[in-house]
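**Student:** predicted model, plus sequence, below.
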Amino acid sequence: MLKLSAVAVAVILLSNPVLAQAQQPATKAAATQSLAGKLDAIFKPQYKADDPGATVIVVKDGKTVLRKAYGAADITAKTPLTPGTVLRLGSITKQFTAVAILMLADEGKLALNDPVTRFFPDYPTGGKVITIEHLLTHTSGIASYTSKPNYVAGMAKDLSVAQMIDGFKNDPLEFEPGTKFNYNNSGYFLLGAIIEQVSGLTYAKFLEQRIFTPLGMKDTAYEGAERSNAPRAAGYSAQEKGYGLAQPLSMSQPYAAGALVSTVDDLAKWDAAIASGKLLKPASWKLAFTPYKLNPEESTDYGYGWAVGKLQGTPVVHHGGGINGFRTYALRLPEQKVFVAVLSNSDSGNVHPEVLAKKAAALAMGKPFIEPKEIALDAKALDAFAGIYETDDEDKRSFTTRDGKLMMARGDRSPVALKAYSKNGFYVPGTLARFEFERDGEGKVSHVTVDNEGERVRSVRIGDAPPERAAVKVDNARFDAWAGTYQLAPQFTMAVSREGDRYYAQATGQARVEIFPASDDVYFSRDVNAEIRFEKAADGAPRLVLHQNGQATPGTRVK
């Protein structure tokens with residue numbers, strides 16, 4: 001057979017334009033099919049047909065590369081998800097709220113430096129100036145209502161906008177406005193109320209008339225104000241075995257911070273509108289995607305309704321959502337013209353839409369993440385990595401060993417188990433985080449480099465790992481007097497139990513964790529940064545108080 005050189009082939013193609021034109025689309029089509037197959041391979045193994053799943057869309061250069069659904073919309077009826085299924089967005093809602101505010105600003109109806117007291121004259125600010133921009137950028141210092149101790153207990157109750165604001169407005173500011181970033185939902189709730197006051201329309205109606213209808217987003221709405229009959233997905237929470245329906249939530253409460261529903265198709269339309277500069281002036285779009293500066297030397301990673309950063313070294317704007325029954329993620333790579341949205345109908349479990357979306361986006365732009373493969377390391381070898389390492393903020397990163405595993409925790413967050421992929425490299429399963437340790441001239445571990453989505457930060461070891469919290473011996477009969485199921489909220493319980501000399505706690509929708517006695521009536525977990533205290537109520541009945549994330553949530557024993 002005659003073999004042609006690459007140059008000869010090129011000459012033939014160039015000299016035969018008909019053949020060249022015929023083969024070029026075929027080559028592009030093959031490449032698109034190949035990319036679609038690789039993208040499908042990211043998602044398909046993660047979702048079982050009879051479990052909650054996800055809807056996915058990947059768009060590149062304005063063309064849909066993957067549009068698919070995995071898993072069930074209703075696990076009882078065994079109804080499969082479809083790409084056109086409607087799901088809750090959670091905090092992806094915030095970008096729509098931010099754009100609505102910017103539209104009103106472009107029209108001269110408000111200014112970003114307007115104080116909130118212009119719209120709510122009696123809003124207590126403690127003598128500080130809180131602006132609309134502070135609300136947009138999570139720098140207001142206002143406490144988030146979803147972090148209040150009694151939030152979960154009352155989240156199924158319908159409340160008016162005014163009642164919701166009354167529920168958090170008198171809480172003291174957490175910091176001077178504009179000096180710190182602390183993600184919170186209260187700011188975006190206030191933005192929704194400002195939209196209503198300035199426009200004369202309800203928040204739901206303003207978005208419908210000014211954004212959804214003009215952009216042809218027929219399946220996007222404030223939940224309860226839908227305009228289409230598109231199928232809806234039920235929302236689930238993971239349990240120790242399988243999944244159960246998520247806890248009820250009144251959609252009057254997430255409001256402008258998280259009450260929208262949509263489809264991946266509509267989100268792709270939304271991204272196309274952003275890419276073409278619709279709705280806002282160019283300067284306003286630029287502001288939305290510019291990280292807010294706390295001072296000339298320090299900026300946040302958040303603009304107006306979007307987080308801003310890099311993925312594999314490429315600029316990315318993105319946001320996730322977590323709401324009862326659902327987890328979501330959407331990102332756009334403006335320079336690469338890539339958009340990915342993943343909407344899941346489970347709010348918990350080991351499958352994270354954010355990680356899958358970022359893997360898909362990296363693959364679509366030709367910079368895929370390399371999947372690590374676990375190797376076994378001797379337990380003694382892990383001891384060398386234990387220690388405290390400096391970070392770029394006040395939260396230090398600590399590494400400890402437990403039961404033959406290397407554990408990592410940052411600040412007061414719960415520890416996670418790492419797996420080794422090399423003699424000095426580790427990863428967190430289900431995430432994109434990698435940890436690479438370095439040794440000094442004496443062979444001692446001295447630094448760790450954290451690689452998170454292509455961004456690398458090197459930290460120095462500054463001390464020994466803290467000792468593990470010690471457990472004490474308690475009388476099993478004493479524990480048995482506290483054992484049982486405690487009601488902490490209408491749809492949220494915690495069961496405490498004993499097996500031999502080991503003690504356990506299991507919250508609704510979560511896996512069972514082992515707890516250890518610090519005293520006769522105080523127990524802690526080594527897997528979750530939380531503490532349980534048992535006490536007697538005024539009537540003598542047993543009571544459990546869960547201490548976690550700075551909150552104390554009481555529960556009464558129901559069985």
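**Tutor:** In hand now; what should we look at?
**Student:** what residue ranges in the stretch 301-450 of the chain score low on pLDDT?
**Tutor:** 393 (pLDDT under 70).
**Student:** show me the strands in it, by range?
**Tutor:** Counting by DSSP state E, counting those that start in this stretch, one finds strands in the stretch 301-450 of the chain at the ranges 307-311, 314-323, 326-333, 338-344, 387-389, 397-402, 405-410, 416-420, 425-427, 433-439, 445-452.
**Student:** so how far is the fourth one off the chain centroid?
**Tutor:** If you compare the mean C-alpha spot of strand 338-344 with that of the full chain, they lie 13 Å apart, counting by CA atoms, centre = their mean, to the nearest Å.
**Student:** could you pull out the helices in the stretch 451-559 of the chain for me?
**Tutor:** 476-482 (DSSP state H, counting those that start in this stretch).
**Student:** low-confidence stretches in it?
**Tutor:** Short version for the stretch 451-559 of the chain, where the test is pLDDT under 70: 491, 509.
**Student:** ok, now which ones touch Asn468?
**Tutor:** For residue 468 the amino acid is Glu, not Asn. Thr400, Arg402, Arg526 (CB atoms under 8 Å, 6 or more residues apart in numbering). To be clear about C-beta, it is placed using only N, CA and C from the backbone, and glycine gets the same treatment.
**Student:** re the thing from before, most tightly packed of the strands of the stretch 301-450 of the chain?
**Tutor:** Mean neighbour count (mean count of other CB atoms under 10 Å) peaks for strand 338-344 among the strands of the stretch 301-450 of the chain, with a mean of 30.
**Student:** what strands flank that strand, and is each parallel or antiparallel?
**Tutor:** For strand 338-344, the paired strands and their directions (DSSP bridges) are strand 54-60 (antiparallel), strand 326-333 (antiparallel).
**Student:** in the helix or strand just after the shortest one, which residues are buried?
**Tutor:** For strand 54-60, the following helix or strand on the C-terminal side (DSSP states H and E) is strand 63-70. Across strand 63-70, burial judged by 16 or more other CB atoms under 10 Å covers Thr64, Val65, Leu66, Arg67, Lys68, Ala69, Tyr70.
**Student:** same question for stretch 102-114.
**Tutor:** Leu102, Met103, Leu104, Ala105, Leu110, Leu112.
**Student:** what sits up against that stretch?
**Tutor:** 101, 131-133, 136, 194-195, 198-199, 210, 279-281, 284, 287-288, 304.
**Student:** so for that stretch, mean pLDDT?
**Tutor:** Mean pLDDT, stretch 102-114: 98.
**Student:** and the end-to-end length of that stretch?
**Tutor:** Start and end residues of stretch 102-114 are separated by 13 Å (CA to CA, to the nearest Å).
**Student:** next up, the contacts around Gly309.
**Tutor:** Going by CB under 8 Å, 6+ apart, the list of residues near Gly309 reads Asp301, Pro315, Val316, His318, Glu453, Glu455.
**Student:** let's have those in TSV, adding distance to Glu390.
**Tutor:** Compiled in TSV, the contacts of Gly309 are given as follows (distance: CB to CB, whole Å):
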residue	distance to Glu390
Asp301	20
Pro315	27
Val316	27
His318	27
Glu453	21
Glu455	17
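**Student:** picking that back up, and the buried residues of stretch 102-114, which two are furthest apart?
**Tutor:** Farthest-apart pair in the buried residues of stretch 102-114 is Met103 and Leu112; separation 12.3 Å (CB to CB).
**Student:** surely Gly71 meets Thr82?
**Tutor:** No: judged on CB atoms under 8 Å, Gly71 makes no contact with Thr82 at a distance of 10.9 Å.
**Student:** returning to that earlier point: what's the closest of the strands of the stretch 301-450 of the chain to Pro254?
**Tutor:** Closest to Pro254 of the strands of the stretch 301-450 of the chain, according to CB to CB: strand 314-323, at 6.3 Å.
**Student:** return the distance of the closest one from the chain's centre.
**Tutor:** For strand 314-323, the distance to the chain centre is 8 Å (CA atoms, centre = their mean).
**Student:** one more: stretch 298-307?
**Tutor:** How far stretch 298-307 lies from its chain's middle: 15 Å, per CA atoms, centre = their mean.
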